[in-house]
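Colleague: structure for this input, please:
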Amino acid sequence: MYTASSERYDTMVYNRCGKSGLLLPAVSLGLWHNFGTNADPENMKAMCRTAFDLGITHFDLANNYGPEYGSAETNFGKILKEDFAPYRDEMIISTKAGYDMWPGPYGNWGSRKYLIASLDQSLKRMGLDYVDIFYHHRMDPNTPLEETMGALDSIVKSGKALYVGISNYDGPTMVRAAEILEDLKCPFVINQNRYSIFDRTIEQNGLKKTANQMGKGIIAFSPLAQGLLTDKYLHGIPSDSRIAVDGRFLHADALTKEKLAQIEALNKMAGERGQSLAQMALSWILKDEDVTSVLIGASRPEQIIQNVEIVQNTKFTREELKKIDQISRGNL
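Modeller: Got it, this is the predicted structure:
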């Protein structure tokens, strides 16, 4: 029987999510990868235990995380039941809907029909009465934003979620969504977006600046650019790497000569800071107060231990930030 570490809150940093009352750990665990049908149950359990023992209270899922769709929620539900039932009120559990989930016209995008049905399925898979945060996973160009936000509001009022968030939205659409949810008195507290040294989209589309101005939190996913911001590809493609094992999101052709030169330069800089490249990339996400938490993925517990070390080292000098920007633009 698992007993959580009595020291689990001693070193983790907890940041306020925008202007809300919700605190999130600086590092959260995402279950996008390595919690699907083919994942090792004991390794999944070990990663969740390690994360919680280190103060990671936030576990992030989505309806279609797998593979197969729904399997990450199913596997996490088993772990919750076996290990974390006594600790449910210490945990922030989030899930999402917005991408393809089941066949037909009602299993995708942002309709009221899809969002409410999807969350009901997610709750059954995880064995929960509610989630702490429920996200709309992506902007829907065809469904009225009022309908989508209205569905999120209904979900909160039904008691099936405590807070709501939006994911993969841009700045202008986030403003419109926030205005609708504010009128509905719905607790919209967080944006989830891709963000890394190599991907500055939220800086360019207004999301990062606008979220800060409106008092909304940001949680960043893919902070390591699917593994590019690590040292694992500097000497070829390892057999256990994401490119070799699961090529859905990162392909070998991403490792161009120019990209490898950037990775090498960043790796050298990280060493000068006393960090691994992965640690520096995570620290960079948390360099200012705009980002509430950074989502890490892991394939083994040791990676979680290494990643959590960054919470005590998130400060950069102006010269370091300028150099990182230059490298990311290819100015070596």
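Colleague: spit out the contact partners of S71.
Modeller: F35, G36, T37, Y65 (CB atoms under 8 Å, 6 or more residues apart in numbering). All C-beta spots, glycine's among them, are computed from the backbone N, C-alpha and C.
Colleague: and the closest residue in space to M126 that isn't next to it in sequence, which of the three is it?
Modeller: Nearest non-adjacent residue to M126, counting by CB to CB, 6 or more residues apart in numbering: G77, 3.9 Å away. Of the three states, G77 takes helix under DSSP: H, G, I helix; E, B strand; the rest coil.
Colleague: now T148: closest residue in space that isn't a chain neighbour?
Modeller: Nearest non-adjacent residue to T148 (CB to CB, 6+ apart): G110, at 4.0 Å.
Colleague: for K78, same thing?
Modeller: Using CB to CB, 6+ apart, the closest residue to K78 is P41 (7.6 Å).
Colleague: is it true that that neighbour touches N75?
Modeller: Yes - counting by CB atoms under 8 Å, N75 is a contact partner of P41 at 7.1 Å.
Colleague: just want to know which of the two has more residues nearby.
Modeller: N75 (25 against 12; other CB atoms under 10 Å).
Colleague: state the distance from the residue nearest to V291 when sequence neighbours are not counted to G18.
Modeller: Leaving aside its sequence neighbours, V291 sits nearest to I218 (CB to CB, 6+ apart; 4.9 Å). To G18, I218 is 8 Å away according to CB to CB, to the nearest Å.
Colleague: find residues that contact each of the two.
Modeller: In contact with both I218 and G18: I190, A211, T292, using CB under 8 Å, 6+ apart.
Colleague: okay if I get these as JSON lines plus pLDDT, secondary structure and neighbour count?
Modeller: As requested, the shared contacts of I218 and G18 are arranged in JSON lines below (pLDDT from 0 to 100; DSSP: H, G, I helix; E, B strand; the rest coil; neighbours: other CB atoms under 10 Å):
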{"residue": "I190", "pLDDT": "98", "secondary structure": "strand", "neighbour count": "25"}
{"residue": "A211", "pLDDT": "98", "secondary structure": "helix", "neighbour count": "25"}
{"residue": "T292", "pLDDT": "98", "secondary structure": "coil", "neighbour count": "28"}
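Colleague: how about the strands in the stretch 151-300 of the chain?
Modeller: Assigned by DSSP state E, counting those that start in this stretch, the strands in the stretch 151-300 of the chain fall at 161-167, 188-194, 217-221, 293-296.
Colleague: for Y14, which of the ones you listed is the nearest?
Modeller: Closest approach to Y14 among these is made by strand 293-296 (9.1 Å; CB to CB).
Colleague: contacts for that closest one, please.
Modeller: 15, 24-30, 58, 60, 192, 217, 219-224, 282, 285-286, 303-304, 307.
Colleague: my read: M91 touches I56, true?
Modeller: No - if you go by CB under 8 Å, M91 and I56 don't touch, sitting 9.5 Å apart.
Colleague: burial check on N38, number of neighbours?
Modeller: Look at N38: counted by other CB under 10 Å, it has 11 neighbours.
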